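# Attaching a predicted model along with its sequence, questions to come.
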Amino acid sequence: VSAMADSTNPNARSAKDFLVGLTVLLSLAGLGLLIVAFDAVPKMFAKGYTVQANVTDATGLTVGSSINLSGLEVGTVKEIALAEDVASGVIVTMEIQGEQRLPVGTYAEVVDQPLGGVSTLSLRMPDMTDATWLPMDGSAMIEGGRVRLAEQLASGLSDLATGPFANLDQIAEDFHNLSI
C-alpha cells in the first residue's frame with residue numbers, strides 16, 4: 001500500500017529523490033575533506049622520479065618507509081629486492097617527490113629507529129663542488145649502507161666530547177682560579 005502511495009504522490013517521490021541526492025553530495029564532500037585532511041591530494045598528483053640505492057642491509061626498511069634529506073621527507077621506499085648477485089646486497093627503489101634534484105655522489109643510509117620503529121632511508125649529499133646531477137629518468141643508482149643505533153650513539157658521544165664538553169677541564173680550572 002505504501003509503494004502505491006509513493007507512486008501516486010509525486011511530492012513523496014520528489015522528497016525521497018532529494019534526500020538521496022543530498023546524501024550522495026554530502027558523502028562526496030566528506031570524502032573530499034578526508035583526502036585533503038590526510039594530505040593525499042599532493043601525493044596523488046605530485047610528479048616524481050625513481051632512484052635505486054644498493055645497500056648492504058635493509059633490515060627494518062619497508063615499502064612506504066620515509067626517505068629523508070637534511071631532516072625533511074623527500075620521498076618513500078617503493079620496492080625492496082635482493083640484488084642479482086645476492087652478495088651485492090639489496091636494491092631499494094625510491095620514489096623521490098617533486099623536482100628535488102640529487103647530486104652525483106649522494107649516499108643512502110638505512111637508519112635504525114630507537115625502540116624498534118620502522119627504519120628510514122637517509123640521503124647524505126656529497127660536497128657540492130661538482131654540480132653534476134643524477135638523471136631523473138629512473139636510471140640512477142646510488143651506493144648505500146647502514147647506520148646502526150650503536151654507531152649513532154657512539155658518534156653522538158664523540159661529538160659531545162669534541163663539542164662543548166671538550167674544554168671542561170679548562171673551564172673547571174678557570175672557575176677554580178676565579179674562586180681563589
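The structure has been received and is ready for your questions. Numbering: from 1, shown residues only.

# Just list whatever residues bridge to the residue nearest the centre of the chain.
Centroid-nearest residue in the chain, with C-alpha atoms, centre = their mean: residue 66, separated by 2.3 Å. In this entry, residue 66 is beta-bridged to residue 76, by DSSP bridges.

# Look up the pLDDT of residue 175 for me, please.
Residue 175 is assigned 64 on the pLDDT scale.

# Do you have the helices of this protein handy? List them.
Along the chain, the stretches classed as helices by DSSP state H are 2-8, 10-37, 40-45, 149-162, 168-179.

# where in the chain is pLDDT low?
1-8, 39-46, 116, 130, 149-152, 155-156, 159-170, 174-180 (pLDDT under 70).

# Try it again at 90.
Residue ranges of the chain with pLDDT under 90: 1-20, 30-48, 57, 59-60, 70-71, 84-88, 98-101, 111-119, 126-132, 145-180.

# I'd say residue 121 and residue 66 touch.
Yes: using C-beta atoms under 8 Å, residue 121 is in contact with residue 66, at 7.3 Å. In this view, the C-beta of every residue, glycine as well, is placed from N, C-alpha and C.

# Give the residues shared as contacts by these two.
Residues touching both residue 121 and residue 66 (C-beta atoms under 8 Å, 6 or more residues apart in numbering) are residue 77.

# so what's residue 68 closest to, chain neighbours aside?
residue 122 (4.9 Å; C-beta to C-beta, 6 or more residues apart in numbering).

# Over to residue 108?
residue 144 (3.3 Å).

# Show the contacting residues for that neighbour.
Residue 144 is in contact with 53, 54, 55, 56, 92, 107, 108, 109, 110, 121, counting by C-beta under 8 Å, 6+ apart.

# what's across from the third one in the sheet?
The reference is to residue 55. Residue 55 has these beta-bridge partners by DSSP bridges: residue 90.

# For burial, what's the neighbour tally of it?
24 (other C-beta atoms under 10 Å).

# need the contact list for it.
Contacts for residue 55 were tallied using C-beta under 8 Å, 6+ apart; they are 89, 90, 92, 108, 110, 144, 145, 146.

# State the distance from it to residue 90.
According to C-beta to C-beta, to the nearest Å, residue 55 stands 5 Å off from residue 90.

# now the last one
Taking C-beta to C-beta as the measure, residue 121 falls 11 Å from residue 90.

# Report the separation between residue 123 and residue 35.
Computed as C-beta to C-beta, the residue 123 to residue 35 distance reads 28 Å.

# Which one's more surrounded, those two?
Shown here are residue 123 and residue 35; by other C-beta under 10 Å, residue 123 has more neighbours (22 against 13).
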